[in-house]
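Trainee: Just to be clear, the model below is a prediction. Sequence and coordinates:
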Amino acid sequence: MRSFFIFSLIIPLLFISSVFAQNVEQYFSNGLSKHNQKDYAGAIADFTQAIKLNPQSAISYFCRGLSREELKDYKKAIDDYSKSLEIKPFQSNVYFHRALCKYAVNKFKDAIVDFDKASEIDPQNIETYYHRGLAKHAVPDYSGAIDDFSKVIEHDNQNVKALLSRSISRYALLDFGAAIVDLEKVMLLDPTQADAYYYRGMSLIRSGKAGAGCADLVKAKDLGKSDLKKILRDYCNLP
């Protein structure tokens, strides 16, 4: 009788455990599906249910954070990424996304700390160096930003966004010659980059070549660069 009694308890417990696991998995799966369909609010609701059933699910916190990040709810996304890291440290992608959110709320130094951690765990992720460069530029640490953008360019010498960003950091350091070299590479790769013409134009003007610089500023305006009216009037005597 005793063995029958124990067996009769085990069967319901196994059933409950199975149903519990299925519910967690189903909510998580539904959340992923909704996230992929860009129903971020719906995804958050499903990931929240998964977390309620399993509060130690690092992946559920991470995925809910991704959905919140898409909705620009950066503070709550940071909270979710922090909880995911508390449960499961050494996740480079979680540090990376938490850094992106910190950058989005102008916490540039904190973002750099997280980008540092992400790059330590996964030094092959080139996107980490690019975004850390943006954060360093914003601090501002222009030399540090140039170093990071250069790492990206060493890996991919046709990376337009890294070349353009490095040129802007070089311009900020008044290294106009080096900035122009980068900007001309950008123009070869993508002739539609209005910012490239703007920064080359300003670099040329500040290097004493106003004629060529003003021609670039006009080109930048034609490509859609806004708010150039005052600059064209002040530097080029154009209406």
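Mentor: Cool, the structure landed. Numbering: from 1, shown residues only.
Trainee: Quick check, Pro81 in contact with Tyr61.
Mentor: Not quite, residue 81 is Tyr, not Pro. Yes - using CB atoms under 8 Å, Tyr81 is in contact with Tyr61, at 7.3 Å. (Glycine included, C-beta is placed from N, CA and C.)
Trainee: Settle it for me: which of the two has more neighbours?
Mentor: A side-by-side neighbour count of Tyr81 and Tyr61, using other CB atoms under 10 Å, places Tyr81 first with 29 against 25.
Trainee: For stretch 35-50, what does the pLDDT average out to?
Mentor: Mean pLDDT, computed over stretch 35-50, is 97.
Trainee: no no, stretch 206-224
Mentor: The average pLDDT for stretch 206-224 rounds to 97.
Trainee: So what touches that stretch?
Mentor: With CB atoms under 8 Å, 6 or more residues apart in numbering as the test, stretch 206-224 has contacts from 174, 176-177, 180, 192-195, 197-198, 200-205, 228, 231-232, 235-236, 238.
Trainee: In PyMOL, select just the buried ones from the residues you listed.
Mentor: A single PyMOL command is used to select the members of these judged buried by 16 or more other CB atoms under 10 Å:
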select buried, resi 176+180+193+194+195+197+198+200+201+202+203+204+205+228+231+232+235+236
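Trainee: Just the ones of the contacts of stretch 206-224 in helices?
Mentor: Per DSSP state H, helices hold the following members of the contacts of stretch 206-224: 176-177, 180, 194-195, 197-198, 200-205, 231-232, 235-236.
Trainee: What residues sit buried inside stretch 171-190?
Mentor: Going by neighbour count (16+ other CB under 10 Å), the buried part of stretch 171-190 is 171, 175-176, 178-180, 182-183, 185-187.
Trainee: among those, which two are most distant?
Mentor: Spanning the widest gap among those are Asp175 and Met187, at 18.2 Å by CB to CB.
Trainee: Walking through the protein, point out its helices one by one.
Mentor: Going by DSSP H, the chain shows helices at 2-36, 40-53, 58-70, 74-87, 92-104, 108-121, 126-138, 142-155, 160-172, 176-189, 194-206, 210-222, 229-236.
Trainee: Name the stretch from these where average model confidence is lowest.
Mentor: helix 2-36 (a mean of 62).
Trainee: From the centroid of this structure, which residue is nearest?
Mentor: Leu100 (4.4 Å; CA atoms, centre = their mean).
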